[in-house]
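Undergrad: Sequence below, structure please.
(chains A and B)
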Protein chains: 2
Amino acid sequence: MARYIIKFGGTSVANIDRIKHVADLVACITCEGHQIVVVVSAMAGMTNQLVGYTKSLCPLLTTPEHDVVTASGEQITVGLMALALQQLNLKSISYLGFQVAIKTDATYTNAKIDHIATHILEESLAQGIIPVVAGFQGISDHNRITTLGRGGSDTTAVALAAALNADRCDIYTDVEGVYTADPRVVFNARKIDTISHVEMLELAAQGAKVLHPRCVELSLRYNVNVRVLSSFHLVSGTTIVNEETLVEQTSIRGIAHNLSEAKVTLESIHPITIRMMADLFSTLSREHIAVDMITHTNAGHGLKNVLTFIVNKEDSMRIHAKIMELRSIIGFDTLAIDPNIVKISIVGIGIRSNLEITSLVFQTLADHQIDIQMVTTSEIKISLIVAHDHMTKAINVLHDALQLEAVTE
Amino acid sequence: MARYIIKFGGTSVANIDRIKHVADLVACITCEGHQIVVVVSAMAGMTNQLVGYTKSLCPLLTTPEHDVVTASGEQITVGLMALALQQLNLKSISYLGFQVAIKTDATYTNAKIDHIATHILEESLAQGIIPVVAGFQGISDHNRITTLGRGGSDTTAVALAAALNADRCDIYTDVEGVYTADPRVVFNARKIDTISHVEMLELAAQGAKVLHPRCVELSLRYNVNVRVLSSFHLVSGTTIVNEETLVEQTSIRGIAHNLSEAKVTLESIHPITIRMMADLFSTLSREHIAVDMITHTNAGHGLKNVLTFIVNKEDSMRIHAKIMELRSIIGFDTLAIDPNIVKISIVGIGIRSNLEITSLVFQTLADHQIDIQMVTTSEIKISLIVAHDHMTKAINVLHDALQLEAVTE
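TA: Residues are numbered from 1 along each chain as shown, chains lettered A, B, ... in the order given. This next block holds a predicted model:
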C-alpha cells in the first residue's frame, strides 16, 4: 500500500463537472488500495475574483484581512470535493488550514509553513477516510488565517507529502507535464518523463510555468517525489526525482523562456565604479527590487561605459524613477529600460560536464543571425537575453541544435 | 458609551460600493463614542450560488461538508468589511465562528448556538477595535464548521447581543422596518415604530419576512432590544422592545400573510375518530411534516365528515403520497390538497382584551363577500385561511377596518 498526496489545480476543479471527474479519478486510485490525501486549489478564476474585491477596497495587500477573503476560495472546493467523493461511497472529510493544523508564520499573503500537525490526518487515513485539505492556506500562532502566496496550493501538497512521508506527490494540472520547451513556441517540444529536482528548479525559476519554484525547492529540500500530470488527459506526466535515480543523464533537459523581464542599461562617458554600483544595487535592494544578470563593461574615460541588468517588467516604472533620483550620486549619461526582450534558459545537469554546449549555443544563434544581448552561465543553466522578435526562432533553433526532440530518457 | 451589535444583511453588502457605504455608516456610529460589533451576511446571491454547487453534487443537504462550503460566503464579507473599516482609519479585525468561538451543536445546516466565548471580542472592544463577526456560522465540539440555517446571521447578531450584554442589536436590511401589512399588498401600510417581542414573533412566524422567527424568539428569551432598519434609507426603523416598555398598547399591531402553505382536506361518510387522527398526525410527525390549524367536523354516519389542516406547500406531494398509504388504516373517501390559499394573520397584544376584534374581522370579510375557509384565534393572533384570489382585497379591507394606517404609537 502506497501513500500519495494528490493535488488538483484550479482548472481541474473549475466547475461541478470537473470536480465530479477528478473525484472519479481519486476513486480509481483508492480502488488500488492506496492511501490518498487530496489537496485542492480554488475553482479557476475564484481567487482572482476575491483578490479583485480586496484590491478595490485596499490596493496594497498588506493586511491580514486579505488572507481571510482569499482563503475562502479553497474552503469552497474542499467541501465540494469531499461531497463529490462521498457521492461515490468513499469516506471523506474536508480540512481547512486551521483544522489540520498547518501552522505558518504571520507574513500575510505570503506566509511560510512552519509546521504541519499530522495526527488528525493520520487518524483519518487509518480509518480509511480520504482527507481533502485546502491548499494555499494556513493558520498563524495568533489563530489568524494566512495564505501562502503564489504556487501556494502546490506548496501545501509538497509540504504535506514531506510531513506525512508520502511515496509521491501528484500535481494534477491542465498540461500533460514538463516539456523540453513551451509547446506553444516549439512545435516539436517533447514531454520530459523524468527530471531532477535541481533541473526542475531552474526550469521553474527561468519561466516554465508548470510548477512554482517555491514548491520545487521544498520538494528538493525534503526529497519528495513529485509527478506533474494532467487531469484532462490521463497520460503519464513528468516525474521529478533525485538526481541519483535518473537512469540516464542527458546533457540538456529543456529550454525555458521568460517574457516578464526588462533590460536596464546605464551608459556613462566616465567609468562606472564599484562604489557607484554598490550605491545603486543597495538602493534597489531596499526597494525589494530583484536584479539579475548584471553585466558591466568599462571602456575608459570619454568612451562608452555600460552597466546592464535584468529586472521584473512590472517594476520598470518604479525602477526608472528610483535610478533617476540617484543620478546626481552615481552619475551616468543615459538610462534606458527595454521591455522587448526575452530570457531564454537552457537547463540540464549535463551542462557542467559538457563544455561544448556553450559554444554550440553561440554558434547556432550566430548561424541564424540572432544577436545575444546578454548571457550568464551556471553549472546547470545557460541564460540568454535576445530581442523579443527573435524569441520563437531562437528557441526553435536551439531546441533543434540540442536535439531535444530526439533525446530518449 | 453604549454597546451595539450591528448586523448587515446580504443586500447591504452586495458589492464593494455597498460595503464601503455601510463602513461609512459604522464609522458614523463609532464617532459618537459607542462600542460596535459588526455582524455580516454573505453578499446577496452568494449563499444561493454555493448551495447550488452543493445541491448539484448531493441533493440532500445532510452532510457537514455543505456547511464548509456555504460558510465561506460570510468569510468573504467579514474580510472585506474589516478592510473597508481599516480604510477609514478605524481599527478592525474579522472573526470567523471558530475564532470567536461560537460553539454550536452538530446539527449541520441547521445548528443551534450552545455558547459564545466573549473574551476575544471583549479584548478587541477594550482596545478600540471593531470586531467584524461572520454571521450564520459556528464551530462544533469536533472543530467542524457548522451553519445556523435560515435567518442564521440575524440569529448570530442577537445571540452576540445577549452574550455581550449589548444595549441594542441593529438589523440593517433592505426595508425600512416592520409594517402594519406588506406594503406591496396594502398601499397605505404604515411603518411600525415600536413592537413587542411577542407581537414580532407572531408576525414573523405568520409570514412577515423582515426577521426570522428564530431570531425574534432568541431576542425574546434573552430580552435583547432589536431594531430593524434600512441601510439604504437612513430612517428610524422599527424597534422591538419589552411589552412593558410599550408606551401605548394599541389593539392590533399588524397583518401578516403567508403564501407558502396549502390546505389538506379529508372527507369521509364515516365519522373521523380521534384514533384515526392520532394515527395520521403521528405518521406526519415522524416524517417531520409540520401541521397547523387542524379543524374537524363530524356530521355523522352517511353524512359529510371533514378533517382539514394546513401544511407547507413544499411538502404537498410527499404528504399526498403518505396519506394515501394510510388510507386502508384511517379510512376516508376523498383527499384534496389546495395550494391556492393564503393565511392572513392579525397580530396584536390588544386582541386578548378586545373581544370585538374577532367579530369586526368576520363582519368586514362578510361585507366584502370574502369566504373564510378556516380560522384560529389565540391570545394575540387571529389567523384566517381565504382563497388566494381574495388575498389583496381581504388584507386591505381588514387593514382599513382595523384602522391600522391611523394608529399612533
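Undergrad: quick one: the nearest residue to A:Val306 once chain neighbours are set aside from chain B, how far?
TA: Nearest residue to A:Val306 in three dimensions, chain neighbours excluded: A:Thr297, at 4.9 Å (CB to CB, 6 or more residues apart in numbering or on different chains). The way it works is simple: take the backbone N, C-alpha and C, and place the C-beta from them, glycine included. Taken as CB to the nearest CB, to the nearest Å, the spacing of A:Thr297 relative to chain B amounts to 49 Å.
Undergrad: The closest residue in space to A:Gly33 that isn't next to it in sequence: how many residues sit nearby?
TA: Of all residues beyond its chain neighbours, the one nearest A:Gly33 is A:Met1 (5.4 Å), with distances taken as CB to CB, 6+ apart. As a burial measure, the neighbour count of A:Met1 was computed by other CB atoms under 10 Å in any protein chain shown and equals 7.
Undergrad: which residues sit in contact with A:Met1?
TA: Residues in contact with A:Met1 (CB atoms under 8 Å, 6 or more residues apart in numbering or on different chains) are A:Gly33, A:His34, A:Gln35.
Undergrad: Any chance of those residues in TSV with pLDDT as columns?
TA: What follows is those, written out as TSV (pLDDT from 0 to 100):
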residue	pLDDT
A:Gly33	87
A:His34	92
A:Gln35	95
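Undergrad: And the residues you listed, which of them are buried?
TA: Members of the contacts of A:Met1 that pass the buried threshold by neighbour count (16 or more other CB atoms under 10 Å in any protein chain shown) are listed as A:Gln35.
Undergrad: Low-confidence ranges, the stretch 1-150 of chain A, go.
TA: Applying pLDDT under 70 to the stretch 1-150 of chain A flags residues A:61-62.
Undergrad: what's the answer for the stretch 301-409 of chain A, then?
TA: In the predicted model of the stretch 301-409 of chain A, residues A:407-409 satisfy pLDDT under 70.
Undergrad: for chain B, what are the nearby residues on it?
TA: Counting by CB under 8 Å from any CB of the partner chain, no position of the stretch 301-409 of chain A is adjacent to chain B.
Undergrad: now the strands for the stretch 301-409 of chain A?
TA: Taking DSSP state E, counting those that start in this stretch as the test, the strands found in the stretch 301-409 of chain A are A:305-312, A:334-338, A:341-347, A:374-378, A:381-387.
Undergrad: from those, which stretch is densest packed?
TA: Looking across the strands of the stretch 301-409 of chain A with neighbours counted as mean count of other CB atoms under 10 Å in any protein chain shown, the highest average goes to strand A:341-347: a mean of 25.
Undergrad: Pop the domain breakdown of chain A in here.
TA: For chain A, the structural domains run A:3-174, A:245-409, going by automatic domain parsing.
Undergrad: burial of A:His301, as a residue count?
TA: By other CB under 10 Å, 9 other residues sit near A:His301.
Undergrad: give me phi/psi at it?
TA: The main-chain torsion angles of A:His301 are listed as degrees, to the nearest 10 and equal phi -50, psi 130.
Undergrad: roughly how far apart are it and chain B?
TA: Between A:His301 and chain B the computed distance is 54 Å (CB to the nearest CB).
Undergrad: got a list of what that residue touches?
TA: By CB under 8 Å, 6+ apart, A:His301 lies in contact with A:Ile269, A:His270, A:Pro271.
Undergrad: what's the spacing between it and A:Leu220?
TA: Between A:His301 and A:Leu220 the computed distance is 47 Å (CB to CB, to the nearest Å).
Undergrad: So what touches the helix or strand hosting A:Val264?
TA: Using DSSP states H and E, the secondary-structure element containing A:Val264 is strand A:261-268. Residues outside strand A:261-268 that contact it (CB under 8 Å, 6+ apart): A:272, A:292, A:304-313, A:316, A:319, A:323, A:331-339, A:341, A:343, A:373-374, A:385.
Undergrad: how about 6 Å then?
TA: Strand A:261-268 has contacts (CB atoms under 6 Å, 6 or more residues apart in numbering or on different chains) with A:305-311, A:313, A:316, A:332-339, A:341, A:343.
Undergrad: circling back: adding neighbour count, distance to chain B and pLDDT, write the contacts of A:His301 out as CSV.
TA: Below are those laid out as CSV (neighbours: other CB atoms under 10 Å in any protein chain shown; distance: CB to the nearest CB, whole Å; pLDDT from 0 to 100):
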residue, neighbour count, distance to chain B, pLDDT
A:Ile269, 14, 49, 88
A:His270, 15, 48, 86
A:Pro271, 15, 49, 85
